[in-house]
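**Student:** Have a look; sequence and predicted model below, questions after that.
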Amino acid sequence: MSVALLGSLWRPGLPPGIYEEKPAVASRARVRLDVAALIGLAERGPVNTPVVIDDARQFEAAFGRALPGLKLPLAVRLFFANGGRRCVVVRCVDHVNVRTTRLLLPGLKAVRGNSRKQVRLAARNPGSWGNRLQVRCQLIQRPIALGLDPVTKALRIPPDRPAVGATLRLTRRASGPGATPSSRFFRVDLDAARQPILVPTPTNPFLDPELLAAAVELTLRLDIFLDGKLVESWDDAALHPSHPRFLPRLLGRRAAAEALLPPRTDTANPEDPVYEADRRWGSADDPWGSDFLRPSLMLADAWLLPSRALFAAPAGLLLSAAEMPPSRQGRDATASTGRNHFFEGTSMALADAIEDADHRFVAFNARPPALDALSVWDQARPFEPVALVSMPDLLHPTPPEALTVPPALPDELCFAPQCSRGQAERTANAFDWPRLGFDAAELQDYQRRLVADCEARDTRIALLDLPPGLRAGDVVAWRHGVASPRAALYTPWLRVDADGTAATVPPSAAACGITAQVENDTGVWAAPANRPVLGTFARADDAGLPEPGFLFEERIDEIRRTERGLMLLGARSTATERDWTHLSVRRLIDWLKAQLAADLAWAPFEPNDAVLWSAMAGTARRRLKALFNAGALAGRSDADSYFVRCDARTHTQGDLDAGRAIMQVGVAPAAPAEFIVFRLVRSGADDPRIEVQ
C-alpha cells in the first residue's frame with residue numbers, strides 16, 4: 001500500500017487531495033475440469049488434430065454434417081444440449097487408405113522457368129467430402145497509368161501502387177491490319193535505389209506512352225463452393241510469389257481448425273516449422289488460411305499466369321471436383337477404419353507418398369495418436385485441461401439407418417417437415433463401418449486402453465458406453481473388466497433426431513455435458529447426476545438390460561424414464577475401492593491438486609524456509625476453507641474436514657538440499673446421498689397418524 005500526495009495534481013472526476021492508491025491484486029487462475037475430449041469419425045476436418053469447439057454450429061463448420069453412420073457429430077450435439085461449454089474434438093480415420101480430393105485452378109498456369117503446368121490444389125483434409133467442392137477463378141483488371149520520362153526514357157511507376165510483386169499486363173500495337181494486339185506480363189520489383197521497376201525490362205514495342213497509360217494490374221478472385229453453396233471468397237489475390245497477397249500463400253496458411261496441429265513425430269526437431277506444410281506459407285502470427293483448400297508446395301516459387309480463356313470470361317471459370325478423373329477423387333476409408341485408428345499415430349504407406357510426391361499434399365503424416373495430441377491443448381491451457389474423454393464411435397452396434405432401402409416400419413420416426421423422401425435421397429452419403437461392429441473382446445480391450453491412458457496421465461476420466469444387448473452376467477464381467485477410479489460406465493443408448501431421421505447414439509457424450517453443467521452450476525464436487533438428459537426423445541430398446549437396482553450395485557450409471565423425462569440417475573465410477581466410488585470425489589481431488597498448484601505458482605524460487613512454508617499452508621487453508629463453506633467437504637468443523645501440514649516435520653534434509661518444499665494436504669470429501677431411506681410407521685389401528693422415522 002502506498003500513499004501519494006496529489007495536492008496540485010488534478011485528475012478527471014477527482015478534486016485535488018490525498019488519495020490512497022492500492023496496487024492491483026493479481027487474481028489467481030481458477031481451474032476448470034469441464035472440458036471434454038470427443039474422439040471419433042467425422043465427414044471432414046483435420047486428422048489426429050485437437051480442435052476446440054464451443055458450440056454445435058462451430059463443429060459443423062469444421063467437421064461437416066451428421067451423416068448416417070457417424071456417431072461423433074450427434075455426440076457433440078448431445079454434449080452441448082446438456083450443458084457442455086467447451087470440448088476438444090479429434091477426428092480419426094484410416095490414414096493409409098483415405099484419399100484427398102485433388103483439383104485444378106481453371107484458367108491459370110504455374111510458370112517456373114520454361115515449365116508451364118496446371119495449378120494444383122487439394123481439399124484441405126482427406127475424405128470424399130472434397131468431391132463436392134467447386135472453385136471459380138475470376139480475373140480482375142484494374143487500370144494503372146504508367147509514364148515514360150521524355151528525356152531519360154525511364155519508365156515511371158506510381159509510387160503508391162502497385163505493390164512489389166504485382167502482375168501487370170502491357171499491350172503493344174497490332175503488327176498489321178486485322179492482326180490481334182499482343183501482350184506481355186510483367187511484375188513490379190525494386191532496383192538498388194529502392195525504386196519500382198518492371199521485370200523483365202520492357203522493350204521498345206511496349207514503350208509507347210499511349211499504351212503505357214492503358215496498362216492494367218491483374219489480381220484474382222477465388223470463390224470456393226461446397227454443395228453449391230459459397231463457403232469462402234478470396235479477393236485481391238496476387239499471381240506472383242513475391243507479392244504479400246500471393247494466392248497460394250493466402251490459401252496455404254494454417255487453417256483455424258488446425259490451430260492446435262501437434263508436431264510431427266518423424267523429425268529430429270518436431271518444433272522446427274520447416275516440417276509443417278502450412279508454415280512454409282507464413283508464420284504463426286499470420287491470418288488463417290483456407291478451411292477448404294490446400295495449395296501444392298510446388299507453387300511456392302511459381303508465377304500464376306492467366307490463359308486466354310480466363311481473359312475471355314469476365315464472370316470467371318468454374319471447375320468442379322466431380323469433373324476430375326477417379327484417380328484424383330477423394331474417398332473415405334470406411335471399410336478399413338478400425339478401433340486401432342483411435343489409438344495410433346498417422347503414417348503414410350510408401351506407395352501413397354510417391355503418389356502424392358508431385359504436389360506434397362500429405363499434410364497429416366506422422367502425427368501422434370489422438371490421446372497424445374490432446375496434450376497440445378493441455379499445454380496451451382493448463383488451467384482448463386481435458387478432464388473427460390469419450391469415444392462415441394468406438395462401437396457401431398447396428399447398421400447405419402437407411403443404407404439400402406427406405407424404412408418400412410410403421411413406427412419409424414421422422415422430424416423433417418417432409419418425410420416422404422425416396423430411396424435414392426435416403427441412401428445418399430450413408431456410411432458403413434464394418435470394422436467397428438460388435439466384437440466383445442476387441443471392444444473391451446480398447447476400452448481398457450482408454451482407461452489405462454487416463455490412469456497413466458492421472459488427470460482424465462474415461463466416460464465409457466456399455467454395449468447394448470448384454471445379459472446380467474456379461475454386464476458384471478464388462479464392468480469388472482474396465483474397473484478403475486478413472487472410468488465411468490453409462491447405459492442405455494439414446495435415440496436422437498439426426499436432421500429429420502431417428503438415430504442411435506451412445507450416452508457418454510450426454511454424461512460429459514451434464515458433468516460440465518453441474519460443475520458450472522454448483523462446483524466440481526457436486527455429483528453429475530439427477531439431471532434431465534436433453535436433446536434426445538427416447539432410450540434405445542435394450543431388452544436384455546438388467547433392472548436398475550442391479551445396475552446400481554454394479555456401479556453402472558443409468559439413464560431412466562421418470563415423471564420428469566429421461567434422467568441421468570447415477571454418478572459412480574467403476575472402481576472396486578470404496579473411497580473412489582463416486583465421480584464427484586475423484587473430480588474434487590483432481591481439481592484440488594490442480595487448483596492448489598495454480599494457487600502456489602508464486603512459490604518457486606522463494607527462499608525455502610519457515611516463512612515460505614507458512615505462506616504455502618495459509619494459501620492451502622484458505623482454499624480448503626472455501627470448499628468447506630461450500631459444502632464440498634464432510635465433517636462438522638474445519639478440523640474434521642481437512643488438514644494442512646507444511647513445516648519442519650514434512651521435510652527431510654534431502655528435501656532441503658534439493659530445494660523442495662513439501663506440503664501435505666488431507667481432505668474428507670462429502671459423498672453424495674444417493675438414496676434417502678425412511679420408514680413409515682402407523683402407531684395402531686385406532687391412530688390415523690403416520691410417523692416418519
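**Tutor:** Now that the structure is in, tell me what you want to look at. Numbering: from 1, shown residues only.

**Student:** Show me the helices in the stretch 301-450 of the chain, by range?
**Tutor:** Taking DSSP state H, counting those that start in this stretch as the criterion, the stretch 301-450 of the chain carries its helices at 308-311, 350-355, 370-380, 423-427, 440-457.

**Student:** who wins for proximity to Ala363 among these?
**Tutor:** Nearest to Ala363 among these is helix 350-355; the distance by CB to CB comes to 12.3 Å. Placement of C-beta: from N, CA and C, glycine included.

**Student:** Please, which helix or strand holds Trp591?
**Tutor:** Applying DSSP states H and E as the criterion places Trp591 in helix 583-599.

**Student:** rewinding a little: what's the least confident stretch among the helices of the stretch 301-450 of the chain?
**Tutor:** Least confident of the helices of the stretch 301-450 of the chain, judged by mean pLDDT, is helix 423-427 with a mean of 38.

**Student:** rewinding a little: residues making contact with the helix holding Trp591?
**Tutor:** With CB atoms under 8 Å, 6 or more residues apart in numbering as the test, helix 583-599 has contacts from 28-31, 33, 382-383, 385, 387, 459, 461, 485-486, 488, 515, 519, 524-528, 571-573, 579-580, 619-620, 623, 627, 632, 665, 667, 669, 671-672.

**Student:** neighbours around the residue nearest to Leu494 when sequence neighbours are not counted, how many?
**Tutor:** Nearest residue to Leu494 in three dimensions, chain neighbours excluded: Thr536, at 4.3 Å (CB to CB, 6 or more residues apart in numbering). Residues lying near Thr536 (other CB atoms under 10 Å) number 24.

**Student:** Out of the contacts of helix 583-599, which end up buried?
**Tutor:** 31, 33, 385, 387, 461, 485-486, 488, 515, 519, 524-528, 571-573, 580, 619-620, 623, 627, 632, 665, 667, 669, 672 (16 or more other CB atoms under 10 Å).

**Student:** What about those, which are in helices?
**Tutor:** 515, 519, 619-620, 623, 627 (DSSP state H).

**Student:** re earlier: put the alpha carbons of the helix holding Trp591 into PDB.
**Tutor:** Extracted C-alpha coordinates of helix 583-599, given in PDB (Å, rounded to 0.1, in the frame of the first residue of the first chain):
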ATOM      1  CA  LEU A 583     -17.200 -39.500  -9.600                       C
ATOM      2  CA  SER A 584     -17.600 -36.300  -7.600                       C
ATOM      3  CA  VAL A 585     -14.900 -37.500  -5.100                       C
ATOM      4  CA  ARG A 586     -12.500 -38.300  -7.900                       C
ATOM      5  CA  ARG A 587     -13.100 -35.000  -9.600                       C
ATOM      6  CA  LEU A 588     -12.800 -33.000  -6.400                       C
ATOM      7  CA  ILE A 589      -9.400 -34.500  -5.700                       C
ATOM      8  CA  ASP A 590      -8.200 -33.900  -9.300                       C
ATOM      9  CA  TRP A 591      -9.500 -30.300  -9.100                       C
ATOM     10  CA  LEU A 592      -7.900 -29.600  -5.700                       C
ATOM     11  CA  LYS A 593      -4.500 -30.800  -6.900                       C
ATOM     12  CA  ALA A 594      -4.600 -28.700 -10.000                       C
ATOM     13  CA  GLN A 595      -6.100 -25.600  -8.200                       C
ATOM     14  CA  LEU A 596      -3.500 -25.700  -5.300                       C
ATOM     15  CA  ALA A 597      -0.700 -25.900  -7.900                       C
ATOM     16  CA  ALA A 598      -2.200 -22.800  -9.600                       C
ATOM     17  CA  ASP A 599      -2.600 -21.000  -6.200                       C
END
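
**Student:** just how off-centre is it within its chain?
**Tutor:** From the chain centre to the centre of helix 583-599 is a distance of 25 Å (CA atoms, centre = their mean, to the nearest Å).

**Student:** same deal with stretch 367-384?
**Tutor:** Counting by CA atoms, centre = their mean, stretch 367-384 comes out at 11 Å from the chain centroid.

**Student:** For that stretch, C-alpha coordinates in CSV please.
**Tutor:** What follows is stretch 367-384, C-alpha atoms only, in CSV (Å, rounded to 0.1, in the frame of the first residue of the first chain):
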residue,chain,number,x,y,z
ARG,A,367,1.0,-37.1,-36.3
PRO,A,368,0.8,-38.5,-32.7
PRO,A,369,-2.2,-40.6,-31.5
ALA,A,370,-5.3,-38.7,-30.7
LEU,A,371,-4.9,-39.1,-26.9
ASP,A,372,-1.3,-37.8,-27.1
ALA,A,373,-2.4,-35.0,-29.4
LEU,A,374,-4.7,-33.7,-26.6
SER,A,375,-1.6,-32.7,-24.6
VAL,A,376,-1.1,-29.9,-27.1
TRP,A,377,-4.3,-28.4,-25.7
ASP,A,378,-3.3,-29.1,-22.1
GLN,A,379,0.0,-27.3,-22.5
ALA,A,380,-1.7,-24.3,-24.1
ARG,A,381,-4.4,-24.0,-21.4
PRO,A,382,-3.1,-25.6,-18.2
PHE,A,383,-6.0,-24.2,-16.1
GLU,A,384,-8.6,-25.9,-18.2
